[in-house]
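A.B. asks: Got a sequence here, can you model it:
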Amino acid sequence: MLADIASNVIANIVFWIGLGLAAAGTVRVGQRRFRRFFGLDTNQQLVVCLSNVWNSSASTRPRGYSVTLHELRASEGVNRLFGSASFRLPDMVRGLVDAIYLGRHRYDFRTSVSPSTSDDPKQFTELSGNLVVVGGAVRNSIRRLYLDENLVSLRLSNELEEAGPRQQQFAEVLGGADVGRKITSEALELAVVERVRDAARGTTVVFCLGRRGDTTWAATEFLVRNWRNLEREFGDRPFALCLGFRDVSYSYNYHPPRRLAVVHG
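C.D. replies: Predicted structure coming up:
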């Protein structure tokens, strides 16, 4: 009987050591992929930059900050990436792995709001870190800055200066062999998920935007759910995806989009 007990104890010890080694290996691979995708290998700061819908004409203050509910929900989605390990493990070891996953790599992660359209976006202090920019150039001055600096490959039609409410929606390719191409859809709402490397500032910037607030949320949710697949497909190379979402009707029911176009940086 003592031999059986000792055998069981040894088997359990071997099992838990093996599980720990497997978990540690999974953690290490997950860390490496996560850091590479969001540019955290060389710069450990990551800021979610939301659009600023504050309007100076409706306020007596010289400067203000207001965000939409859709973009706030989008930032909560990105926050989930930092709330737990970015891979699937049994619940019994998840807490331990989460502590290892985040404990050994201290990331400076926070949410901020872009400067108002009347302010100079180049003075935005968060430009020194990696960014997830949520929302289009109409209300997000950091998105507008990167458009003006010709660092993005896709632009939505509502980001044009002359865009009107009845204008047909499209996404325009701004670089590469297909420059000038316009991507349209009669049945789907267009959105963009794009990652660029800002060589001048030494940062990685990911853009998530749609023509409306709900599709901006859906684009960000796509990033949160699919960054692993995107990392496997593109590595650390720039890319831009034009996605087509079925009309989400300002709800938070996520449905996987169709991939309408890919632009390689």
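
A.B. asks: Surely residue 237 and residue 262 touch.
C.D. replies: No: Residue 237 is not in contact with residue 262 according to Cβ atoms under 8 Å; the separation is 11.6 Å. For the C-beta atoms, the positions are set from N, CA and C on the backbone; glycine is no exception.

A.B. asks: what secondary structure does residue 40 sit in?
C.D. replies: coil (DSSP: H, G, I helix; E, B strand; the rest coil).

A.B. asks: Show me the strands in the stretch 51-200 of the chain, by range?
C.D. replies: 108-113, 130-134, 154-156, 171-173, 182-183, 189-198 (DSSP state E, counting those that start in this stretch).

A.B. asks: tell me, which of those is the model least confident about?
C.D. replies: Lowest mean pLDDT within the strands of the stretch 51-200 of the chain: strand 108-113, at a mean of 90.

A.B. asks: Can you give the contact residues for that strand?
C.D. replies: 44-52, 65, 67, 75, 79, 82, 126, 129 (Cβ atoms under 8 Å, 6 or more residues apart in numbering).

A.B. asks: Next: stretch 216-226.
C.D. replies: 70-71, 73-75, 77-78, 80-81, 132, 134-136, 191-193, 206, 208-210, 230, 243, 245, 248, 252, 254-257.

A.B. asks: buried ones in that stretch?
C.D. replies: 216, 217, 218, 219, 220, 221, 222, 223, 224 (16 or more other Cβ atoms under 10 Å).

A.B. asks: so which helix or strand takes in the second one?
C.D. replies: What it means is residue 217. Per DSSP states H and E, residue 217 falls inside helix 213-234.

A.B. asks: Strand 130-134 and that helix, what's the angle between them?
C.D. replies: 140 degrees (axes from the mean of the first three to the mean of the last three Cα atoms, to 10 degrees).

A.B. asks: Output helix 213-234 as CSV, restricted to C-alpha atoms.
C.D. replies: Extracted as CSV, the C-alpha positions of helix 213-234 are listed here (Å, rounded to 0.1, in the frame of the first residue of the first chain):
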residue,chain,number,x,y,z
GLY,A,213,-19.7,54.2,-34.1
ASP,A,214,-21.0,50.7,-34.0
THR,A,215,-18.7,49.6,-36.9
THR,A,216,-15.7,51.2,-35.1
TRP,A,217,-16.5,49.1,-32.1
ALA,A,218,-16.9,46.0,-34.3
ALA,A,219,-13.5,46.7,-36.0
THR,A,220,-11.8,47.0,-32.6
GLU,A,221,-13.5,43.8,-31.4
PHE,A,222,-12.2,42.1,-34.6
LEU,A,223,-8.7,43.1,-33.5
VAL,A,224,-9.1,41.8,-30.0
ARG,A,225,-10.5,38.5,-31.2
ASN,A,226,-8.1,38.0,-34.1
TRP,A,227,-4.7,39.5,-33.3
ARG,A,228,-3.2,36.1,-33.0
ASN,A,229,-4.3,35.1,-36.5
LEU,A,230,-3.1,38.5,-37.8
GLU,A,231,0.3,38.0,-36.1
ARG,A,232,0.6,34.6,-37.7
GLU,A,233,-0.3,36.0,-41.1
PHE,A,234,1.7,39.2,-41.2
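
A.B. asks: Measure how it sits relative to strand 189-198, angle-wise.
C.D. replies: 50 degrees.
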